[in-house]
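Engineer: Using only what follows, build the 3D model:
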Amino acid sequence: MPKAPHRPGAGTTASLHTGAEKTPSKTTVEKAVLGLGHYTQEWFASAPPPEGDGEVLVIQFDSKATPTATEEELEKRRGKRSKERPLSPRHRGRAKRVRRGPKKRKKPGDKSKNGKAATIVTMYTLEKGKDQDGKRALLGPINKKVYASYAPKRHAFAIARRDADKRGFKKGSRKAIQIVTDGDEDLERLVREFFLEAKHTLDIMHVLEYVWEAGRLLFQEDSQLPGWVKKQESLLYKGKAALVIQHICDARGQVGSGARKRLEEIRDYLLNRVRLMDYHELRKLDLEVASGAVEGAVRHVIAKRFDSGSMRWIKERAEALLQLRCIEINGDWSAFMAFVERRLREKSRSNARSQRLLTTKPGSLPTLGMAA
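Structural biologist: This is a model prediction of the structure:
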């Protein structure tokens, strides 16, 4: 995240006039991130739509769980620190284990990560044109924007609906919208609620993961496996998803009871989503068949910064940093900082005193879309 410039009266640290900037402390940076986080929702709501959009809007959704602190870990953080120090640095770990006492043994299925999901949205448009062979095609992506939050998935859809309306893709406009998801049932329900007019697509790479799993149950890493999967992939691209499901169904008699049960689960999963798998028609229209854009955003925006070893986040504090990363990645950092400066000046005039940006208190998670 770029370092915020000094704003008079905003509570940031000034640079020393010695030819070099003074590096702010870790505490100051943390306070600045939390302070800026109080303005992110207001910025996203008021930000103007991008100029020069295309004729087709593509929206992709995905989620990523990041490690969060448990109540037990938070209690240790907030408690008084022991003043006891070992005589030798070699014995620090031993002294710590004595103070902490024995660890609880984990039960099967226990997760040490204590993951909490952030939902990310990627939006961009495609414009009609011609490819290098002179054939009609949809060119792009144009004006790609990302948004992420630890608020429930419904909030992400409310944001996407608001931004789609801003960009001229309102309900009844008859302009094309495509939604790409990974088959999550909650996402499918929310697509029907917020984007009933949109073309909903199941990411083909997600489908192929199930096809590979079915193939492994049938062939046990046999040499026939790659050829069988390739055949099913070809059928999917030809718009024959129902035939792929039939192949999986017919193969149940070739395996034992355990594998048969799993094959039936794969069959049911695909059968319930076959209407979202018209990949032949999508390729004819030059629309998306996979969610690579949002998968990349998950890695770049969330995973690289929030899912590393020893990290333990508090959702409300992580939210500020997450949304600031989105603003910076969208190329809106300068506009956002100018917006924050204006708001600080407005508050200073109305309260007749200078407003400080730095704070130790995080904002609450956003609530747009949660009232219904």
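Engineer: If we go by neighbour counts, what in stretch 119-129 is buried?
Structural biologist: Buried residues in stretch 119-129, counted by 16 or more other CB atoms under 10 Å: Thr119, Ile120, Val121, Thr122, Met123, Tyr124, Thr125, Leu126. C-beta here means a position set from N, CA and C on the backbone, and glycine is covered the same way.
Engineer: That should have said stretch 301-318, apologies.
Structural biologist: In stretch 301-318, counting by 16+ other CB under 10 Å, buried: Val301, Ile302, Phe306, Asp307, Trp313, Lys315, Arg317, Ala318.
Engineer: Can I get these in TSV including pLDDT?
Structural biologist: Below are the buried residues of stretch 301-318 laid out as TSV (pLDDT from 0 to 100):
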residue	pLDDT
Val301	96
Ile302	96
Phe306	94
Asp307	91
Trp313	93
Lys315	94
Arg317	95
Ala318	96
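Engineer: Next step: those restricted to helices.
Structural biologist: Phe306, Lys315, Arg317, Ala318 (DSSP state H).
Engineer: Tell me who's in contact with Lys199.
Structural biologist: Ala176, Ile177, Gln178, Ile179, Leu282, Leu287 (CB atoms under 8 Å, 6 or more residues apart in numbering).
Engineer: 6 Å instead?
Structural biologist: Residues in contact with Lys199, defined by CB atoms under 6 Å, 6 or more residues apart in numbering, are Gln178.
Engineer: Could you pull out the buried residues of the longest helix anywhere in the chain?
Structural biologist: Determined from DSSP H, the single longest helix within the chain is helix 333-351. Going by neighbour count (16+ other CB under 10 Å), the buried part of helix 333-351 is Phe336, Met337, Phe339, Val340, Glu341, Arg343, Leu344, Arg345.
Engineer: same thing with stretch 213-227?
Structural biologist: So, applying 16+ other CB under 10 Å, buried residues of stretch 213-227: Ala214, Gly215, Leu217, Leu218, Phe219.
Engineer: how far away is the second one from Ser223?
Structural biologist: Okay, so that is Gly215. 12 Å (CB to CB, to the nearest Å).
Engineer: elements contacting the longest helix of the chain?
Structural biologist: Using 3 or more CB pairs under 6 Å, 6 or more residues apart in numbering; DSSP states H and E as the contact test, no helix or strand touches helix 333-351.
Engineer: model confidence over it, on average?
Structural biologist: Averaged over helix 333-351, pLDDT sits at 93.
Engineer: residue ranges with poor pLDDT in the stretch 201-350 of the chain?
Structural biologist: Judged against pLDDT under 70, the stretch 201-350 of the chain has no low-scoring part.
Engineer: in this structure, which spans are strands?
Structural biologist: Counting by DSSP state E, the chain has strands at residues 56-67, 115-130, 136-149, 176-181, 199-202.
Engineer: Export these as a markdown table, with columns for distance to Gln254.
Structural biologist: Below are the strands of the chain laid out as a markdown table (distance: least, CB to CB, whole Å):
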| stretch | distance to Gln254 |
| --- | --- |
| strand 56-67 | 34 |
| strand 115-130 | 37 |
| strand 136-149 | 42 |
| strand 176-181 | 32 |
| strand 199-202 | 27 |
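Engineer: Arg356 is nearest to which of those strands?
Structural biologist: Among those, strand 136-149 comes nearest to Arg356, with 25.3 Å by CB to CB.
Engineer: Check the buried residues of helix 333-351 against Lys145 and report the nearest one.
Structural biologist: Checking these against Lys145 with CB to CB, the nearest one is Phe336 at 13.0 Å.
Engineer: list the contacts for the closest one?
Structural biologist: By CB under 6 Å, 6+ apart, the contact set of Phe336 is Trp43, Ile327.
Engineer: Show me this protein divided up by domain.
Structural biologist: Structural domains assigned to the chain are 1-13+33-47+332-357, 48-65+112-203+290-315, 206-276, following automatic domain parsing.
Engineer: Pick the most deeply packed of the ones you listed.
Structural biologist: domain 48-65+112-203+290-315 (a mean of 18; mean count of other CB atoms under 10 Å).
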